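[1] sequence isn't available, so here's the structure alone:
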């Protein structure tokens, strides 16, 4: 890092970089909370005995198909 080559500089720039990285990490965590909650809900609600009747598998397949269509558009 170029900042480490000037050790006597104030660390305000380093703090700004760290704050930006923290914001990015927090945004990623918030983004992951949505699918996390959905997966937890699916697991709690399923309760079926066979793969043929598994609503979790059905929902995951629907999600994958939806994602594939979205990726094809992009």
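    Okay, I see it. Please read all numbers here as calculations on a predicted model, not as lab measurements.
[2] for the host helix or strand of residue 23, packing partners?
    Using DSSP states H and E, residue 23 sits in helix 12-45. Judged by 3 or more CB pairs under 8 Å, 6 or more residues apart in numbering; DSSP states H and E, helix 12-45 is in contact with helix 55-73. Backbone N, C-alpha and C define where each C-beta goes, glycine included.
[3] quick one: mean pLDDT over the helix it packs on.
    Mean pLDDT, computed over helix 55-73, is 71.
[4] with stretch 6-25 instead?
    90.
[5] return the distance of it from the chain's centre.
    24 Å (CA atoms, centre = their mean, to the nearest Å).
[6] how much space between the residue nearest the centre of the chain and residue 46?
    Residue closest to the average C-alpha location in the chain (CA atoms, centre = their mean): residue 32, at 3.3 Å. Distance, residue 32 to residue 46, by CB to CB, to the nearest Å: 21 Å.
[7] ditto for residue 33
    Residue 33 is 21 Å from residue 46, where distance means CB to CB.
[8] neighbour count: these two, which is higher?
    Per other CB atoms under 10 Å, whichever of residue 33 and residue 46 has more neighbours is residue 46, with 15 against 10.
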